[in-house]
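Trainee: Build the 3D model from these lines:
(2 chains)
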Amino acid sequence: MGIQIGDRAPDFKTNAYYRGIIQEIQLSRYQGHWVVLLFYPADFTFV
Amino acid sequence: MAAVAVKYPAFQELGAEVLTVSVDSPTTHKEWNEKELSRMVEGGARYPMLSDTGGRIGSLYGVHDVKTRLDFRSHFLIDPQGVIQALEIVASPIGRNVAEILRQLRALQHYQATGEFVPCGWEPGKPTLPPEGEASSLSGKVWEVWKPRNAF
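Mentor: Numbering: from 1, shown residues only, chains lettered A, B, ... in the order given. This next block holds a predicted model:
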């Protein structure tokens, strides 16, 4: 069962590289803002 | 992702947060940002580069490829209430069009602010169609107010 328009975006928490350090990011902390969530296959592939 | 990094200020102007996700570790993100992205875009990636170990997040969003163990190139636009308003998944050899993602975001924000329908190829300044209710009067008469050239 895939995700559809109108679904609540599944929340997640994970480590990220941001502002020079490794820190934990949780999607739901961005509630109240538009979020552009972009997936891509891998670093060091074509950009 | 360099194109996303270039256009990051445009996303910020729209009040949107950018999060990028791949199965790489945060350390690999750091190296890629320092060795490549920063050389193409001043300041490199100024948004969080998320690590999707094991494809856990990609699986939640239906974009994890179990054969390659990578996430598909894709984007999701999530509104301030946390609801998905747009999604696109493209075969990995094909790059995304960041201008189109920005257009979708502007169009969604315009719709949520005004209730106006945002027709094909809409950009700010181009005509919209009236909100639901008023729109029924346009049935069969859209041709009078909207021209195909507006789509391009």
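Trainee: Which of the helices or strands spans the residue nearest the centre of chain A?
Mentor: Centroid check for chain A by Cα atoms, centre = their mean gives A:L37 as the closest residue, at 4.8 Å. Applying DSSP states H and E as the criterion places A:L37 in strand A:34-39.
Trainee: quick one: B:A3 from B:V18, how far?
Mentor: Taking Cβ to Cβ, to the nearest Å as the criterion, B:A3 is separated from B:V18 by 12 Å. All C-beta spots, glycine's among them, are computed from the backbone N, C-alpha and C.
Trainee: and B:K7, how many neighbours does it have?
Mentor: As a burial measure, B:K7 scores 16 neighbours (other Cβ atoms under 10 Å in any protein chain shown).
Trainee: Phi, psi for it please.
Mentor: Backbone torsions for B:K7, taken as degrees, to the nearest 10, come to phi -90, psi 10.
Trainee: can you pull the contacts of it?
Mentor: Neighbouring residues of B:K7 by Cβ atoms under 8 Å, 6 or more residues apart in numbering or on different chains: B:V98, B:A99, B:L102.
Trainee: Same check on A:Y40?
Mentor: Contacts of A:Y40 by Cβ under 8 Å, 6+ apart are B:M1, B:T20, B:V21, B:S22, B:D71, B:R73.
Trainee: and if we set it to 6 Å?
Mentor: B:S22, B:R73 (Cβ atoms under 6 Å, 6 or more residues apart in numbering or on different chains).
Trainee: gap between it and B:E132?
Mentor: A:Y40 is 36 Å from B:E132, by Cβ to Cβ.
Trainee: Just checking: what are the partner strands of the strand holding A:L37?
Mentor: strand B:16-22 (parallel), strand B:73-78 (antiparallel) (DSSP bridges).
Trainee: Redo these as a markdown table? Include mean pLDDT and mean neighbour count.
Mentor: What follows is the strands paired with strand A:34-39, written out as a markdown table (pLDDT from 0 to 100; neighbours: other Cβ atoms under 10 Å in any protein chain shown):
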| stretch | mean pLDDT | mean neighbour count |
| --- | --- | --- |
| strand B:16-22 | 98 | 23 |
| strand B:73-78 | 98 | 23 |
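Trainee: Throw the ones you listed into a markdown table and include distance to B:K147, thanks.
Mentor: Below are those laid out as a markdown table (distance: least, Cβ to Cβ, whole Å):
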| stretch | distance to B:K147 |
| --- | --- |
| strand B:16-22 | 30 |
| strand B:73-78 | 27 |
